[in-house]
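A.B. asks: give me a model of this one.
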Amino acid sequence: MALIEVQVPDIGDFDEVAVIELLVKPGDTVKAEQSLVTVESDKASMEIPSAAAGVVKELRIKVGDKVKQGSVLLVLEAAGAAAAPAPAPAPAPAPVPEQKQVPAPAIPSPSAPVSGASTGPVEVRVPDIGDFKDVAVIEILVKPGDAIGLEQSLITVESDKASMEIPSGAAGVLKEMKVKIGDVVNIGDLVAILEGSTAAAPAVAVAAASAPIAAAASAPVAQPSERALPTAALPPHEPTAPTGTLPHASPSVRKFARELGVPLEEVKGTGPKSRVTQDDVQAFTKAVMQGDTRTKAAAAKAPAGGGGGGGELNLLPWPKVDFAKFGPVERKEMSRIKKISGANLHRNWVMIPHVTSYDDADITELEAFRVATNKDNEKSGIKVTMLAFVIKAVVAALKKFPDFNASLDGDQLVYKQYFHIGFAADTPNGLVVPVLRDVDKKGILQISQEMGELAKKARDGKLSAGDMQGGCFSISSLGGLGTTYFTPLINAPEVAILGLSRSSMKPVWDGSAFQPRLVMPLSLSYDHRVIDGAAGARFNTYLAQVLADFRRVLL
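C.D. replies: Numbering: from 1, shown residues only. Model (predicted):
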């Protein structure tokens, strides 16, 4: 019997990676290429295979250790080894120098299948998808064996604002998909591998250099961050792991937990080998919000005899009700857009000190002009709505009151020299906000046409990332649905939003008699950190004046 040291092979452009899972223990029988440990960098997790077969005699690493190429993972006791290392009855350290030569030829083995390919594989990665991070894969459009054309769509991804299709940057036959539904991807992430008809030589070179990390590239990418060992953890997911180990989760789940402020070590994993999934983090968050559970930090901060269940606010727990016992019920999952936009709106409402100012605009003459304009342009097919006039009037108000066309960036205010206006569009999947660009340079007819096109794309779920970026100010119009006044929530990082309600005929005193006038309610919400009450009142008053006499936009 001979002892073999199994070392970390070439794992690509990584210096040190953390051991997050031990997949074997002393006494286990290991086959060649069987996974031994799972390691994690700041970008991906990957499994390290064994370069030889045998029985695990000794583990040289533990969960939380940092390893790199050449680090010894464990010692195997192998049968049928060469005669040289056989005499090992003496002290344990003696055979070690002789054993290091055994695994050497096995290190490049992961690259061997690739280098032997007749036509090199082509890696297809996520292109620039705009100012979006961590978009979720919601649909796989192809399968292995399919012939893929250049620019053919491979997957559909969805952010909190839009869904989009990711095209192929090369043509060929699909060999392997590197993502699955539910994965989170970013620019540069590996999506698929093609047996390409073009760029074969470079593809082979890339594959040969980075084959060991190809599997890791399919893991969702997370942003680099410092890792600290938790002080309290779930029962270890591996029998040999000591207490205080890292929770078993992918980098994307760790990032997701950090963003929500969830202590990952307190989440019970339901995935394979007790891996914590994104659903586990969401379920834990929901349980905390409903008061069904409390984090250890919240429990430590809660005063004795407090109400409990409300974290630092010490609120009463969310009521837990069995609705079915009172009558028939039906449960439906919320759409992804509603879930994510709801979280964004919650953040905006909590973080931004909202003030809402209400006013009325006399739009009698403007409505008459709108009706006449539509009549004159029947053949054009462009229908002018009151919202188009309001958008143009808002630009005039933003020019007069530039604080409303600003955004907070730390302790600085960023004043924008452009005028991009977002408008809330109601869709079957939830509310989205397309953005009209450079409204100051466009007329009412062009605004109406572009607004109609964006609204249709929103209803069809075809809005691109660029269609919803760069807004300066948003408008939420409920005029076609009803209501009188409401409090619209600011769309961060903007500092104000205008709400429009249903117009109605009201008696208005003209100095000598009451006259019937068409009045539209205005609801202006603004960030009180940037805009004070006087400025909010002036903006609303000026906007109402422009709508009452549209000639003011020319001044």
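
A.B. asks: for the helix or strand hosting M164, the distance to its chain's centre please.
C.D. replies: Following DSSP states H and E, one finds M164 within strand 163-167. A distance of 15 Å separates the centroid of the chain from that of strand 163-167, by Cα atoms, centre = their mean, to the nearest Å.

A.B. asks: need the next SSE after that strand, C-terminal direction.
C.D. replies: Using DSSP H and E, the helix or strand that follows strand 163-167 towards the C-terminus is strand 172-177.

A.B. asks: mind exporting that following strand as CSV, just the C-alpha atoms?
C.D. replies: Extracted in CSV, the C-alpha atoms of strand 172-177 (Å, rounded to 0.1, in the frame of the first residue of the first chain):
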residue,chain,number,x,y,z
GLY,A,172,-22.4,26.4,-34.1
VAL,A,173,-24.0,23.4,-32.4
LEU,A,174,-24.9,23.8,-28.8
LYS,A,175,-22.7,21.4,-26.8
GLU,A,176,-23.6,22.4,-23.2
MET,A,177,-25.7,25.0,-21.4
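
A.B. asks: report all helices and strands that it contacts.
C.D. replies: Packing contacts for strand 172-177, counted by 3 or more Cβ pairs under 8 Å, 6 or more residues apart in numbering; DSSP states H and E, involve strand 147-148, strand 190-196. C-beta: built from backbone N, CA, C; applies to glycine.

A.B. asks: report all helices and strands that the shortest one contacts.
C.D. replies: Same thing as strand 147-148. The contact analysis (3+ Cβ pairs under 8 Å, 6+ apart) places strand 147-148 against strand 172-177.

A.B. asks: same question for the longest one.
C.D. replies: Taking 3+ Cβ pairs under 8 Å, 6+ apart as contact, the helices and strands that strand 190-196 lies on are strand 121-125, strand 153-158, strand 172-177, helix 214-217.

A.B. asks: which residues touch the second one?
C.D. replies: Just to be clear, that refers to strand 153-158. 124, 129, 135-142, 148, 163-168, 179, 185, 191-192, 336-337 (Cβ atoms under 8 Å, 6 or more residues apart in numbering).

A.B. asks: identify the spatial nearest neighbour of the residue nearest the centre of the chain, chain neighbours not counted.
C.D. replies: What sits nearest the mean C-alpha location of the chain, by Cα atoms, centre = their mean, is D134, with 3.8 Å. In space, and not counting its chain neighbours, D134 is closest to V184: 4.7 Å by Cβ to Cβ, 6 or more residues apart in numbering.

A.B. asks: what do you get for K457?
C.D. replies: Spatial nearest neighbour of K457, chain neighbours left out: L463 (5.0 Å); criterion: Cβ to Cβ, 6+ apart.

A.B. asks: can you turn the buried part of the contacts of strand 153-158 into a PyMOL selection?
C.D. replies: Selection of buried members from the contacts of strand 153-158 for PyMOL, criterion 16 or more other Cβ atoms under 10 Å:
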select buried, resi 124+129+135+136+137+140+142+148+163+164+166+167+168+179+185+191+192+336+337
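
A.B. asks: what's the first-to-last distance across stretch 143-151?
C.D. replies: End-to-end distance for stretch 143-151: 16 Å, by Cα to Cα, to the nearest Å.

A.B. asks: in that stretch, which residues are buried?
C.D. replies: Across stretch 143-151, burial judged by 16+ other Cβ under 10 Å covers D146, I148.

A.B. asks: and stretch 511-530, average pLDDT?
C.D. replies: For stretch 511-530, mean pLDDT rounds to 95.

A.B. asks: and if you look at stretch 490-508?
C.D. replies: Mean predicted confidence for stretch 490-508 is 94.

A.B. asks: buried residues in that stretch, which are they?
C.D. replies: With burial defined by 16+ other Cβ under 10 Å, the residues of stretch 490-508 counted as buried are I490, N491, E494, V495, A496, I497, L498, G499, L500, S501, S503.

A.B. asks: also stretch 378-389?
C.D. replies: Neighbour counts over stretch 378-389 (16+ other Cβ under 10 Å) mark I382, V384, T385, M386, L387, A388, F389 as buried.

A.B. asks: and the contacts of that stretch?
C.D. replies: Stretch 378-389 has contacts (Cβ under 8 Å, 6+ apart) with 363, 366-367, 370, 373-374, 377, 423, 444-445, 447-449, 451-452, 475, 477, 479, 500, 503, 520, 547, 550.

A.B. asks: now the end-to-end length of it.
C.D. replies: Distance between the two ends of stretch 378-389: 18 Å, counting by Cα to Cα.

A.B. asks: and the longest strand for this protein?
C.D. replies: When the chain is parsed with DSSP state E, its longest strand is strand 514-527.

A.B. asks: tell me what that one is packed against?
C.D. replies: Helices and strands touching strand 514-527, by 3+ Cβ pairs under 8 Å, 6+ apart, are strand 354-362, helix 364-376, strand 496-500, strand 504-509, helix 533-548.

A.B. asks: since that was my last question, I'll sign off now.
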